[in-house]
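Chemist: how does the following fold in three dimensions:
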Amino acid sequence: MESVHRWAAERGLRIEPYGVDLAPGLVAEARRRLPHWADRIEVGNAIDYRPRDGRRSTFVHTLLDCVPAHRRGDLVRHALEHLVEPGGRLLVSHYLAAGTVDRTAGQQLRDLGVAVGGEAGADGDRPPQTAWVDVPPR
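Modeler: A predicted model of the protein is given here:
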């Protein structure tokens with residue numbers, strides 16, 4: 001949350017971060033470290049998580065490498081259907097070690113039949129780490 005907030009601010013953008021994590025201990029630590037955002041950090045499973053207040057977000061970021069391969073489609077579909085607002089963007093990262101043979105986030109999204117809007121994060125001999133999906137406006 002901090003790094004995304006800082007990155008956006010450096011570019012003149014203002015975001016209001018929210019977070020969810022499966023581990024109650026990590027959520028407690030995040031709330032302790034970030035008391036100004038404590039009410040925005042929740043325990044939950046990203047595969048079926050729904051915010052308490054029912055809000056959708058303009059930008060949602062999720063990590064494929066934190067989910068078993070056979071459940072990644074569930075994660076992406078859930079985020080697109082329930083978390084990203086119309087006209088928003090789903091950012092999907094899959095962090096790959098240099099020289100890895102695993103598929104990138106973009107490749108995995110395409111395998112799921114999801115239209116990829118773009119990819120970024122290539123670094124040296126590493127392939128793109130993040131792909132995004134633009135959700136059509138209503």
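Chemist: hmm, residue 71 is touching residue 47, no?
Modeler: Yes - look at residue 71 against residue 47 with CB atoms under 8 Å: they come within range, at 6.0 Å. For the C-beta atoms, the positions are set from N, CA and C on the backbone; glycine is no exception.
Chemist: assess the claim that residue 109 and residue 76 are in contact.
Modeler: Yes - between residue 109 and residue 76 there is a contact under CB under 8 Å: 6.7 Å.
Chemist: what touches both of these two?
Modeler: 92, 133 (CB atoms under 8 Å, 6 or more residues apart in numbering).
Chemist: spatially nearest residue to residue 133, not counting backbone neighbours?
Modeler: Of all residues not flanking residue 133 in the chain, residue 90 sits nearest, at 4.4 Å (CB to CB, 6 or more residues apart in numbering).
Chemist: who's in contact with that neighbour?
Modeler: Counted by CB under 8 Å, 6+ apart, residue 90 has contacts 60, 61, 62, 76, 79, 80, 83, 84, 132, 133, 135.
Chemist: look up how far residue 27 lies from the second one.
Modeler: Meaning residue 61. If you measure residue 61 against residue 27 using CB to CB, to the nearest Å, the figure is 17 Å.
Chemist: what ranges does this structure have for its helices?
Modeler: 2-10, 24-33, 72-78, 105-111 (DSSP state H).
Chemist: got these as JSON lines, with mean pLDDT columns?
Modeler: Output for the helices of the chain, formatted as JSON lines (pLDDT from 0 to 100):
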{"stretch": "helix 2-10", "mean pLDDT": "90"}
{"stretch": "helix 24-33", "mean pLDDT": "97"}
{"stretch": "helix 72-78", "mean pLDDT": "97"}
{"stretch": "helix 105-111", "mean pLDDT": "95"}
